[in-house]
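> quick one, structure for this:
(one chain, ligands or ions: 1)
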Amino acid sequence: MLGEKELIKLFPDFEGLIQPSGIDLPLEDVFVQKSAGSLIDNEKNLPELEKLEGPIYTLKAKTAYSVTVAPKVKIPKGYSMLYRPRSTLNRSFISVHTAVGDPGFYGTLQFMVYNYGEFDYQIKKGERIAQAVVFKVSGSGEYNGSYQESE
Ligand SMILES: O=c1ccn([C@H]2C[C@H](O)[C@@H](COP(=O)(O)OP(=O)(O)OP(=O)(O)O)O2)c(=O)[nH]1
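Got it, this is the predicted structure:
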């Protein structure tokens with residue numbers, strides 16, 4: 001796992017968000033699901049999303065949201081990221097579901113947030129919701145999947 005001094009060199013766009021062993025990720029946009037989706041024979045049909053109005057979002061009890069974080073991230077070749085939720089959210093019955101960031105990925109990270117609680121939860125755009133932890137990957141390839149954006 002990479003520490004602060006290495007992270008500052010590799011992720012200059014994240015100045016001010018670098019932590020001793022990771023990078024804080026602030027909430028950008030929040031979306032609700034508007035249609036069905038499917039994954040059949042590796043063919044992705046993503047649900048349509050509707051963007052909610054911020055900057056303060058109300059996450060309803062027992063409801064799922066798709067969220068983005070800012071800024072866009074460029075993962076250098078030879079490195080990978082795992083995204084872990086902010087513990088304050090766990091303590092508040094809010095979970096942030098995440099996957100793996102691949103070497104070479106460039107684009108906007110999208111996570112799923114679920115309010116497991118019995119009550120609404122309010123959160124403002126810009127609040128830190130997760131932390132990226134970065135690992136060196138030996139012998140890695142490079143991501144070139146459907147979520148890759150051009151720089
Ligand atoms: O929680 C996450 C984790 C990763 N990513 C980004 C970075 C990652 O490199 C990219 C693709 O992730 P993954 O490989 O898990 O997605 P996939 O469904 O396998 O996409 P593809 O079929 O395009 O490889 O999405 C997110 O937006 N959210």
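
> C-alpha only now, for contacts and for neighbours.
Will do.

> quick check: buried residues in stretch 57-72?
By 16 or more other CA atoms under 10 Å, the buried positions in stretch 57-72 come out as 57, 59, 60, 61, 64, 65, 66, 67, 68, 69, 70, 72.

> quick one: the lengthiest helix in the chain to chain centroid distance?
Once the chain is assigned using DSSP state H, the helix that runs over the most residues is helix 4-10. Centre-to-centre, helix 4-10 and its host chain are 19 Å apart (CA atoms, centre = their mean, to the nearest Å).

> show me what whatever helix or strand comes next after that helix pairs with in its sheet, parallel or antiparallel.
Using DSSP states H and E, the next helix or strand after helix 4-10 towards the C-terminus is strand 18-19. For strand 18-19, the paired strands and their directions (DSSP bridges) are strand 22-33 (antiparallel).

> buried set for the partner strand?
Neighbour-count burial for strand 22-33, counted by 16+ other CA under 10 Å, picks out 22, 23, 24, 25, 26, 27, 28, 29, 30, 31, 32.

> then stretch 119-135?
Neighbour-count burial for stretch 119-135 flags 121, 123, 125, 128, 129, 130, 131, 132, 133, 134, 135 (criterion: 16+ other CA under 10 Å).

> span of it from start to end?
Stretch 119-135 has an end-to-end distance of 37 Å (CA to CA, to the nearest Å).

> contacting residues for residue 59?
65, 115, 120, 121, 122, 123 (CA atoms under 8 Å, 6 or more residues apart in numbering).

> residue contacts, residue 76?
Going by CA under 8 Å, 6+ apart, the list of residues near residue 76 reads 10, 103, 104, 105.

> farthest pair within those residues?
Across the contacts of residue 76, no pair lies farther apart than 10 and 105, at 13.7 Å, counting by CA to CA.

> which residue of these two possesses the greater neighbour count?
The neighbour count for residue 10 versus residue 105, taken as other CA atoms under 10 Å, is higher for residue 105 (24 against 14).
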